[in-house]
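>>> Got a predicted structure here, sequence first:
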Amino acid sequence: MRRVVITGSGTINPLGHSVPETYEAMREGRCGIGELDIRDVERLSIRIGGQVKGYNPDQRFNRQQQALYDRFTQFTLIAAEEAIAQSGLEFSGHVAAESGVVLGTSGGGLNTQDENYRAVYEEGKNRVHPFIVPKLMNNSAASHVSMNYNLKGPSFTVATACASSNHAMGQAFWLIRSGAATAIVTGGSESMLCFGGVKAWEGLRVMSRDACRPFSANRNGMVQGEGAGIFVFEEFEHAKARGAGILAEVVGFSMTSDAADIVMPSQHGATRAILGALKDARIGAEKVGYINAHGTGTAANDKTECAAVSKVFGRHADEVMISSTKSMHGHLIGGTGAVELLACLMALNDGIIAPTIGYEEPDPECSLDVVPNEAREAKVSHVLSNAFAFGGQNAVLALRTL
Amino acid sequence: MSGVKERVIEIIAEQAVLEPSDVSLDQSLADLGVDSMGLVEAIFSIEESFDIQVPFNANEPEKSDFDISSVATVVATVEKLVAEQAG
């Protein structure tokens, strides 16, 4: 069976505009969540979020590009540039033909929809810009990566709400492992922090008004974030032959469905997904040193996730570290698994475990080592990244050092 | 505060898929078969019907100020909110 490695990583998210900036923030346990700065925020009851700050699209993209690139596409292209540069891969000839793009997103061009619905409904305009459709479509980010880097193999977008990125990276892993591709640019992006996007989430009444405190007894809900995480997944022999730097090996992936409830998570579905990833990786739970949790900061997720991890890990549950970096960058929905994979790479390569910040009170139903508030030095060889989506769609990845 | 009780019962009955006459004040929402999603929908209907804000976090319903232990407590809370938020 062909092996799959990660040879590039890139990001822009509430913690930083690059991977090194993000690692620094995670090491320091910095919080990227703050007051939302968006139009009509005074009509929202939820006014915090993990916004990408200090970002001016005019400095990255010209007017013609901005006419075609929604904010989620802009984030994708910025992160892809960093990841592909790090990988050193040049996409030409047969490598281009055998390489593609598989990305996750949930809302796609939601900002574009929001702005243009506002124009036609609120402002009564009868005309919108001609590129609204290619700008808002969910696959536009994947298409622009393919176009900008000459990736001519399989390209598509995966939408499984909060698990989109993990499902996307799992597909990338399987495409390469099966021989269908040599390299895939993968990960995900999200930009839902607009009036309509936040208003919709408000309606569900699971949002916190002050902070995201996963696993802490006094948690009171989730906080939305935005941004992108992009990686280059590459067939191992191909990467080795060209002397590429290898960040990690992707060794396992599993998808399960709860087949139960559209919003309430199931412990059984989560348990089966974690077990499936371990089985696919052919490793025992005792090998795993760190789990990047889904850890949304809602009671429903955190209790279910801890119960699932306890069930799978048994007596090893007390030894594994599990943290939720959503406490720092918020929930990036369809892009969240990609940004969270960075915490996994940091654990494997730098021996630093990103903390769960905002942790104030122990919860007996979440009695695992959640790496509270401060990053920790620890050597780990195998890690998992969990994602459990609304709709009961679960996806867990397993990585190891090489 | 005429009509509040009747309208709240109508809203709860709609979520429970019952006739309003089948809903009694001492029943809990769980007794009536209203699950967490039905509850959130009922609260939305209450807010829209009375033009009020209901303090309720689905993440920890037991800690909310909105008492959902029975139909009677829901009615009483809504009456209080209507009185407080009137005008």
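That came through fine. Residues are numbered from 1 along each chain as shown, chains lettered A, B, ... in the order given.
>>> Return the per-residue confidence for the most centrally placed residue in chain B.
Chain B has residue B:74 as the residue nearest its centroid, 4.6 Å off, counting by CA atoms, centre = their mean. Residue B:74 is assigned a pLDDT of 94 by the prediction.
>>> And the one 4 residues further on, by the same measure?
The model reports residue B:78 with a pLDDT of 94.
>>> cool, residue A:42 as well?
So residue A:42 comes in at 97 (pLDDT).
>>> how close does it get to residue A:35?
Going from residue A:42 to residue A:35 by CB to CB, to the nearest Å gives 12 Å. To be clear about C-beta, it is placed using only N, CA and C from the backbone, and glycine gets the same treatment.
>>> higher neighbour count, these two?
Set residue A:42 next to residue A:35 and count neighbours by other CB atoms under 10 Å in any protein chain shown: residue A:35 wins out with 10 against 6.
>>> I'd say that one and residue A:50 touch.
No - look at residue A:35 against residue A:50 with CB atoms under 8 Å: they stay out of range, at 11.4 Å.
>>> The helix or strand of chain B with the lowest mean pLDDT: what's the following helix or strand?
Within chain B, confidence by mean pLDDT, DSSP states H and E is lowest for helix B:36-50 among all helices and strands, at a mean of 90. Under the assignment DSSP states H and E, the closest C-terminal helix or strand after helix B:36-50 is helix B:71-85.
>>> and that following helix, which residues are buried?
Within helix B:71-85, the residues scored as buried using 16 or more other CB atoms under 10 Å in any protein chain shown are B:71-72, B:74-78, B:81-82.
>>> again with stretch A:364-377
A:366, A:368-372, A:375-376.
>>> can you give me the helices for chain A?
Assigned by DSSP state H, chain A shows helices spanning A:19-28, A:63-68, A:71-87, A:93-97, A:110-117, A:132-136, A:140-149, A:164-177, A:195-204, A:236-241, A:267-281, A:299-313, A:326-329, A:336-350.
>>> any residue of the shortest one up close to chain B?
No - counting by CB under 8 Å from any CB of the partner chain, chain B is not contacted by helix A:326-329; separation bottoms out at 14.1 Å.
>>> that older thread, which neighbours do residue A:42 and residue A:35 have in common?
Between them, residue A:42 and residue A:35 share no contacting residue under CB atoms under 8 Å, 6 or more residues apart in numbering or on different chains.
>>> ok so, going back, ok, the residue nearest to the centre of chain B to residue A:215 distance?
31 Å.
>>> Could you report the neighbour count for residue B:3?
So residue B:3, with other CB under 10 Å, has 10 neighbours.
>>> Quick check: residues of chain B near chain A?
Residues of chain B found near chain A (CB under 8 Å from any CB) are B:36-37, B:40, B:43-44, B:53, B:56-60.
>>> related to what we said a few turns ago, what's the least confident helix or strand of chain B in contact with?
For helix B:36-50, the surrounding residues in contact (CB under 8 Å, 6+ apart) are A:203-205, A:262-264, B:4, B:7-8, B:11-12, B:14-16, B:29, B:34, B:52-54, B:56, B:58, B:61, B:66, B:68, B:78, B:81-82.
>>> How far off centre is that helix?
In terms of CA atoms, centre = their mean, to the nearest Å, the centre of helix B:36-50 is found 7 Å from the chain centre.
>>> With pLDDT and distance to residue A:143 as new columns, can the buried residues of stretch A:364-377 be given to me in TSV?
Output for the buried residues of stretch A:364-377, formatted as TSV (pLDDT from 0 to 100; distance: CB to CB, whole Å):
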residue	pLDDT	distance to residue A:143
A:366	96	41
A:368	97	41
A:369	98	42
A:370	98	39
A:371	98	38
A:372	98	42
A:375	98	37
A:376	98	41
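>>> now the residue in the stretch 1-150 of chain A positioned nearest to chain B: how far from residue A:331?
Nearest residue of the stretch 1-150 of chain A to chain B: residue A:45, at 7.8 Å (CB to the nearest CB). To residue A:331, residue A:45 is 18 Å away according to CB to CB.
>>> of the two, who's got more company?
Neighbours around residue A:45 and residue A:331, counted as other CB under 10 Å, are more numerous at residue A:331. The numbers are 28 against 11.
>>> Just the pLDDT at the more buried one, thanks.
Residue A:331 carries a pLDDT score of 98 in this model.
>>> before we move on, what about the one 4 residues further on?
Turning to residue A:335, the model gives it a pLDDT of 98.
>>> Residue A:98 and residue A:235, how far apart?
Separation of residue A:98 from residue A:235 (CB to CB): 9 Å.
>>> joint contacts of these two?
Joint contacts of residue A:98 and residue A:235 (CB under 8 Å, 6+ apart) are A:181-183.
>>> Among those residues, which one sits closest to chain B?
For the shared contacts of residue A:98 and residue A:235, the nearest to chain B is residue A:181 (40.3 Å; CB to the nearest CB).
>>> That closest one reaches residue A:175, doesn't it?
Yes - the pair formed by residue A:181 and residue A:175 meets the contact definition of CB under 8 Å, at 4.3 Å.
>>> Name the residues contacting each of these two.
A:100, A:154.
>>> thinking again about what came up before, counting neighbours, what do you get for the residue lying closest to the residue of the stretch 1-150 of chain A closest to chain B once chain neighbours are set aside?
Among residues not flanking residue A:45 along the chain, residue A:202 sits closest, at 5.8 Å (CB to CB, 6 or more residues apart in numbering or on different chains). The local packing of residue A:202 (other CB under 10 Å) involves 13 other residues.
>>> and what of residue A:211?
There are 19 residues near residue A:211, going by other CB under 10 Å.
>>> what residues are up against it?
The contact partners of residue A:211, by CB under 8 Å, 6+ apart, come to A:31, A:33, A:48, A:223, A:327, A:358.
>>> Spatially nearest residue to the first one, not counting backbone neighbours?
Taking CB to CB, 6+ apart, and ignoring the residues beside it in sequence, residue A:31 has residue A:328 as its nearest neighbour in space, at 5.5 Å.
>>> Distance of the one you found relative to chain B?
19 Å (CB to the nearest CB, to the nearest Å).
>>> I'd guessed that residue sits against residue A:25; true?
Yes - between residue A:328 and residue A:25 a contact is recorded at 6.7 Å, counting by CB under 8 Å.
>>> Find the residues that touch each one of those two.
A:15, A:32.
>>> Between those two, tell me which one has more neighbours.
Legend: neighbour count by other CB under 10 Å for residue A:328 and residue A:25, higher for residue A:328 (29 against 20).
>>> hang on, the earlier thing: pretty sure the residue nearest to the centre of chain B contacts residue B:68?
Yes - the pair residue B:74 and residue B:68 qualifies as a contact (CB under 8 Å) at a distance of 5.9 Å.
>>> which residues do these two both contact?
residue B:29.
>>> Residue A:39: neighbouring residues, count only.
By other CB under 10 Å, neighbour count at residue A:39 equals 11.
>>> how close does the closest residue to it other than its chain neighbours get to chain B?
Of all residues not flanking residue A:39 in the chain, residue A:195 sits nearest, at 6.0 Å (CB to CB, 6+ apart). If you measure residue A:195 against chain B using CB to the nearest CB, the figure is 18 Å.
>>> what's around residue A:195, how many residues?
18.
>>> Could you check the pLDDT of it?
Looking at residue A:195, its pLDDT reads 97.
>>> residue contacts, it?
Residue A:195 touches A:38-41, A:43-44, A:114, counting by CB under 8 Å, 6+ apart.
>>> Hmm, residue A:344 and residue A:6 touching each other?
No - using CB under 8 Å, residue A:6 is not in contact with residue A:344; the gap is 9.7 Å.
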